[in-house]
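In: How does the following fold in three dimensions:
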Amino acid sequence: MMAKQISQEQVQTRKEMKKKKREKTSRESKAQTTKRIRIRLIPIWLRVLIVGILIALSLATGLMVGYGVIGDGNPTDVFQKSTWTHIIDLVIKN
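Out: Next comes the predicted model:
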C-alpha cells in the first residue's frame, strides 16, 4: 500500500513539473517576439565543394597507398595512363 502511494505522489510531482515547464516556455516564447535568423558561416555550396575535394583527395591517397605501399610500385605511377591501361588489360583478358 505504501509503495502505491509513493508512486502516485511521484506521478503528481512529474505532472506538476511538466506543467511548470510548459508555463515557463510559454512565457519565454511570448517575451521573445523577434524571429532569429541564422547566418551560416560556411555556405552550403562551399560545404558541397569542400566535401567533393576531400573525397577526391582521399581517393588519390588511397590509390597511392594501395599501388605504392601494398603493391610495391612507385606511388606516383598511379596517375599515369599506361598504368591503368595495363590494369584494365589484365582484368579484361581473363
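In: Thr83: neighbouring residues, count only.
Out: 16 (other Cβ atoms under 10 Å). Bear in mind the C-beta positions are built from the backbone N, C-alpha and C, glycine included.
In: Go ahead and confirm it touches Asp77.
Out: Yes: using Cβ atoms under 8 Å, Thr83 makes contact with Asp77 at a distance of 5.2 Å.
In: overlap in contacts of these two?
Out: Overlap of the contact sets of Thr83 and Asp77 (by Cβ atoms under 8 Å, 6 or more residues apart in numbering) consists of Tyr67.
In: Now do the SS call for the most centrally placed residue in the chain.
Out: What sits nearest the mean C-alpha location of the chain, by Cα atoms, centre = their mean, is Val51, with 11.2 Å. Assigned with DSSP: H, G, I helix; E, B strand; the rest coil, Val51 falls in the helix class.
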